[in-house]
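Visitor: attaching a predicted model along with its sequence, questions to come.
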Amino acid sequence: LLAASVFFKFNDSGKWKYALYGTLLLTLSFLSKKSSFPMLALIPMMIYFMKGFSNSKRTIFLFLFVFLSFVLLRLTVASMVEKSENLREHMFFENPLYDNGYGFFERLPMFFYTMGYYIKLLFIPHPLSVFYGYSHVKVAEWGDPLVWVSMIGCVVLGIYCLLNIKKRSPWMFGVLFYFIAISMFSNLVKPAPGMVAERFAFLASIGFCIVIAYWLLELFKVPFHTGENTKLKFSGSLRAVAVLLLLVSSVKIITRNNDWKSHQSIYKHDIEYTENSANLHSLLGAQYVEQLDKHRMAISNLNSMPAGTSDPNLKKYILTQQQLKIKTDSSIYHFGRALEIYPDYIAVNNNIGAVYFSYVQNYDSAAKYFHRAVELDTDYVQAMYNLASCYELEIGEYKEMNDYFSKRNNSFNDSIVTIPGSDEKDWRKMLDTL
């Protein structure tokens, strides 16, 4: 938005310093957050609606400088980030559309479904979730009524705004601002991580608010077309509606802030509304495991301290036997639910196996999940070591354990390919290190 204000000054004055400042600010914005990418189209649109394109040469340069910001971004990223196969890979549970089978036209119904989903969240922001994704948000098909309702609304509004764009109406500005800002995260051009997310609608909500404000002013017959310096006169009814909207939104914001007290509190709250989110179950299960791990580390550190000494900072992590059982059972439940929703969730197969291994001492169950994780990802080093630990500690099949590692020798660094001998202390020390 700061870049937009500087480009406004360039449009008014024609001074090149503003064009250069705007380009720099917009490039920094792109490097900071991907959600600013729609500003490439929004800045020229904002200038057109508010100022008009009276100077054709200046308009051309404006578009060129805005596009230059994008070019600078690509060059900067290319010079700073090495191309690697180890870059972040988007998973199926984040968005099934990442699957190669979904082309542009196959994503069209999901695009309209997503647009409708966001509109619903803006009008009725409840329930909210820290993560949506598969399978809380479904992959929409043409048979879904919401797809058709959303499509008709989008097409009609889009055509009307384009045909009447010369009128430069405030509400049309709001509609186009919303559509352009949300377009990047609507699963059409590119699948969005999590399928939908409230943060993606943050910039687009500006357009939504402009449309709502416009129609409230029209509804209560507040004159606002007479000039820039006209003082608006609000009726008592409009003030009452504004106060009501402010109170309702404030209550929602305050209660939502309480949900964000900690990672566990937000996950526990949201899982009630997003019961079918595989990733959210995984995140909540991991929170319980983290508490179990802190308990184990605290016990170990306290036992290693000299007799008669203690550390109150460590004692706060100590759990009772009942708490240990509850957190162990809870982690298994949520990891299990994640696997019910998405059985090929690689990390969860390993994580639930780790719980069975470390806190239940059920090595057969642990081995089953570790084996599944390795089947799904033959380069998953941690799962391979965990599986080998089951062979060592429970089954005792040294040959099978060593065969497992020799098959995957290329997946390991030289420093960790050697399998420890029969000394259980050395073996457990290596596991703790991992």
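Guide: Structure received.
Visitor: low-confidence stretches in this structure?
Guide: 56-57, 73-88, 100, 225-230, 393-434 (pLDDT under 70).
Visitor: surely residue 352 touches residue 330?
Guide: No: counting by Cβ atoms under 8 Å, residue 352 does not reach residue 330; the two are 12.0 Å apart. All C-beta atoms are positioned from the backbone trio N, CA, C, and that covers glycine.
Visitor: residues shared between the contacts of those two?
Guide: Taking Cβ atoms under 8 Å, 6 or more residues apart in numbering as the criterion, residue 352 and residue 330 both touch residue 285.
Visitor: those two: who's more crowded?
Guide: Set residue 352 next to residue 330 and count neighbours by other Cβ atoms under 10 Å: residue 352 wins out with 29 against 18.
Visitor: give the contact list for that one.
Guide: Neighbours of residue 352 in contact, by Cβ under 8 Å, 6+ apart: 285, 331-332, 335-336, 339, 369.
Visitor: excluding sequence neighbours, find me the nearest residue to residue 111.
Guide: Closest residue in space to residue 111, ignoring its immediate chain neighbours: residue 188 at 3.8 Å, by Cβ to Cβ, 6 or more residues apart in numbering.
Visitor: ok, that neighbour to residue 106 distance?
Guide: Distance of residue 188 to residue 106, computed by Cβ to Cβ, to the nearest Å: 11 Å.
Visitor: those two: which has the busier surroundings?
Guide: When residue 188 and residue 106 are compared for neighbours, residue 188 comes out ahead with 19 against 13, by other Cβ under 10 Å.
Visitor: ok, that one touching residue 113?
Guide: No: the pair residue 188 / residue 113 is not scored as a contact, 10.7 Å apart, by Cβ under 8 Å.
Visitor: and the closest residue to residue 135 other than its chain neighbours, its phi and psi?
Guide: Excluding the flanking residues, the one nearest residue 135 by Cβ to Cβ, 6+ apart is residue 276, at 4.8 Å. As for residue 276, its main-chain torsions (degrees, to the nearest 10) stand at phi -100, psi 20.
Visitor: who touches residue 276 in this structure?
Guide: Residues near residue 276 by Cβ under 8 Å, 6+ apart: 135-136, 341.
Visitor: hmm, who's touching whichever strand or helix holds residue 28?
Guide: According to DSSP states H and E, residue 28 maps onto helix 16-32. Applying Cβ under 8 Å, 6+ apart, the contact partners of helix 16-32 are 2-4, 6-7, 9-10, 36-37, 39, 43, 61-62, 65-66, 68-70, 72-73, 76-77.
Visitor: could I get the full set of helices for the stretch 101-250 of the chain?
Guide: With helices called from DSSP state H, counting those that start in this stretch, the stretch 101-250 of the chain shows them at 108-123, 145-163, 170-183, 204-219, 236-259.
Visitor: my read: residue 302 touches residue 314, true?
Guide: Yes: Residue 302 lies in contact with residue 314 (Cβ under 8 Å); the separation is 5.5 Å.
Visitor: and residue 273, its phi and psi?
Guide: Torsion angles, degrees, to the nearest 10, at residue 273: phi -100, psi -20.
Visitor: right, and it touches residue 131 too?
Guide: No: the pair residue 273 / residue 131 is not scored as a contact, 11.3 Å apart, by Cβ under 8 Å.
Visitor: picking up where we left off before, which ones among the contacts of helix 16-32 are found in strands?
Guide: For the contacts of helix 16-32, membership in strands holds for none, with DSSP state E as the criterion.
Visitor: and those, which are buried?
Guide: Buried residues within the contacts of helix 16-32, counting neighbours by 16 or more other Cβ atoms under 10 Å: 3-4, 6-7, 10, 36-37, 39, 43, 61-62, 65-66, 68-70, 72-73.
Visitor: show me the contacts for the residue nearest to residue 200 when sequence neighbours are not counted.
Guide: Closest residue in space to residue 200, ignoring its immediate chain neighbours: residue 185 at 3.7 Å, by Cβ to Cβ, 6+ apart. By Cβ under 8 Å, 6+ apart, the residues touching residue 185 are 35, 114, 192, 196-197, 200-201.
Visitor: for these, work out which two are farthest apart.
Guide: 35 and 114 (15.1 Å; Cβ to Cβ).
Visitor: so which of those two has more stuff around it?
Guide: Of the pair residue 35 and residue 114, residue 114 is the one with more neighbours under other Cβ under 10 Å, namely 25 against 19.
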